[in-house]
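>>> Pasting the sequence and the predicted coordinates here, then a few questions.
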Amino acid sequence: MSLLSLHNVTIRFGGLTAVDTLNLEVQQGEILALIGPNGAGKSTVFNLITSIYQPTEGKISFDDKPLGGIPTHKIADMGITRTFQTIRLFSELSVLDNVKIGGHCRGKAGLFHALTRLPSMKREEVELEEKSIKALEFLDLASKRDEMAKNLSYGEQRRLEIARALVSKPKILLLDEPAAGMNPQEKVVLMEMIRRIRDTGITIFLVEHDMKLVMNISERIAVLDYGKKIAEGNPLEVRSNKAVIEAYLGSGQFKSRRIRR
Ligand SMILES: Nc1ncnc2c1ncn2[C@@H]1O[C@H](COP(=O)(O)OP(=O)(O)OP(=O)(O)O)[C@@H](O)[C@H]1O
């Protein structure tokens, strides 16, 4: 069953067509990766899904509801959350508070009331704390809950961002280059975490440059080049696709991106 669907989606920035008549279905419960050379339009696709941009043409629907016109701050309420290419944490706050902020974005109380701790908001606050601790346990970070975010290792900080995204109980998690900057051991842990999250029923849609990780965990892969989808299939099909190899060769990224045949 299709959870997220992009139908003929195009976005132009002046004369540049960043995403060009893209048709893509993300199936409920799958791990789908979107890959492509630098500037292919991958992050723009995430920005379209989260309503940061509106398509110039085409439509996007989620759970059979059109996303057109829904403001970004309401997207999480529909069950879509994302992480970003660069780490976006409150470095001077504790690990636990960083996760709770993810829940405040959706809570009725709102961040201001939660921080001022009005008595009427206490129950919601307690529930949020319990959910946040569970999310931290899930990402193997519970023992670090009172540490300041800035004291975590790089890999832990990236996992903390995922914990924060999970606390709002998404149906789909959009991960934008989750492995960027991680060392090989951190990547192995990350892969295990992504699989674990999917096994709870959350659909995973990821943009990633690390081909080893992509080929290892994705069930399906879609490939963008200059905004157009040039291939889609399982890892075996995609890694041997001529158009994909040419796109990476043409961009000079073949070696660094390590698509191995
Ligand atoms: N707000 C914007 N205004 C103008 N051009 C933009 C804007 N956002 C993206 N672009 C352009 O759209 C194209 C696609 O960018 P995008 O960031 O989606 O690529 P990407 O595949 O995510 O690249 P990378 O792998 O380097 O992150 C690029 O040429 C980029 O410069």
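Sure thing, it's come through.
>>> Quick check: beta-bridge partners of residue 174?
Residue 174 has the following beta-bridge partners by DSSP bridges: residue 82, residue 205.
>>> Distance check, residue 95 against residue 131.
Distance of residue 95 to residue 131, given as C-beta to C-beta, to the nearest Å: 14 Å. Every C-beta, even on glycine, is put in place using the N, C-alpha and C of the backbone.
>>> Which one's more surrounded, those two?
residue 95 (26 against 18; other C-beta atoms under 10 Å).
>>> Figure out the length between the terminal residues of stretch 221-238.
7 Å (C-alpha to C-alpha, to the nearest Å).
>>> Contacts for that stretch next, please.
10, 17-24, 32-37, 40-42, 44-45, 214-215, 218-220, 241, 243-244, 247 (C-beta atoms under 8 Å, 6 or more residues apart in numbering).
>>> Also near the ligand: which of those, exactly?
18, 36, 40, 41, 42, 44 (C-beta under 6 Å from any ligand atom).
>>> Which of these fall within strands?
Secondary structure from DSSP state E places residue 18 of these in strands.
>>> Same list, the ones next to the ligand among the contacts of stretch 221-238, but as CSV with neighbour count and pLDDT please.
Shown next, in CSV, are these (neighbours: other C-beta atoms under 10 Å; pLDDT from 0 to 100):
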residue, neighbour count, pLDDT
18, 22, 98
36, 27, 95
40, 24, 95
41, 24, 97
42, 27, 97
44, 20, 97
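>>> Please identify which of the ones next to the ligand among the contacts of stretch 221-238 is nearest to residue 70.
Within these, distances to residue 70 taken as C-beta to C-beta reach their minimum at residue 44, with 17.6 Å.
>>> Hmm, that closest one is touching residue 18, no?
Yes - the pair residue 44 / residue 18 is scored as a contact, 4.6 Å apart, by C-beta atoms under 8 Å.
>>> Now for those two: what residues contact both?
11, 227.
>>> could you give me the average pLDDT of the helix or strand residue 103 falls within?
Applying DSSP states H and E as the criterion places residue 103 in helix 95-104. Averaged across helix 95-104, pLDDT comes to 87.
>>> Stretch 182-197 too?
94.
>>> Same check on stretch 51-69?
Averaging pLDDT along stretch 51-69 yields 94.
>>> Check stretch 167-175 too.
94.
>>> Export only the CA atoms of it, formatted as PDB.
In PDB, the C-alpha atoms belonging to stretch 167-175 read as follows (Å, rounded to 0.1, in the frame of the first residue of the first chain):
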ATOM      1  CA  VAL A 167       8.900  11.200  19.800                       C
ATOM      2  CA  SER A 168       6.200  12.700  17.700                       C
ATOM      3  CA  LYS A 169       5.200   9.200  16.600                       C
ATOM      4  CA  PRO A 170       5.600   9.600  12.900                       C
ATOM      5  CA  LYS A 171       4.200   7.200  10.200                       C
ATOM      6  CA  ILE A 172       7.100   8.100   8.000                       C
ATOM      7  CA  LEU A 173      10.600   9.200   8.900                       C
ATOM      8  CA  LEU A 174      12.600  11.200   6.300                       C
ATOM      9  CA  LEU A 175      16.300  10.900   7.000                       C
END
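>>> Check whether that stretch comes near the ligand.
No - Stretch 167-175 lies apart from the ligand when judged by C-beta under 6 Å from any ligand atom; the minimum separation is 12.3 Å.
>>> which residues are contacting that stretch?
By C-beta under 8 Å, 6+ apart, stretch 167-175 touches 3-4, 26, 46, 49-50, 62-63, 76, 79-83, 99-100, 102-103, 105-106, 128, 131-132, 135, 162, 165-166, 194, 197, 202-208.
>>> Tell me how this structure divides into domains.
The record's domain parsing of the chain by automatic domain parsing lists 1-79+172-261, 92-169.
>>> So which residues on the chain come close to the ligand?
Counting by C-beta under 6 Å from any ligand atom, the chain sits next to the ligand at 13, 16, 18, 36, 38, 39, 40, 41, 42, 43, 44.
>>> let's go with 8 Å and repeat that
13-14, 16, 18-19, 36-45, 47, 53, 85, 176-177, 207, 209, 224, 227 (C-beta under 8 Å from any ligand atom).
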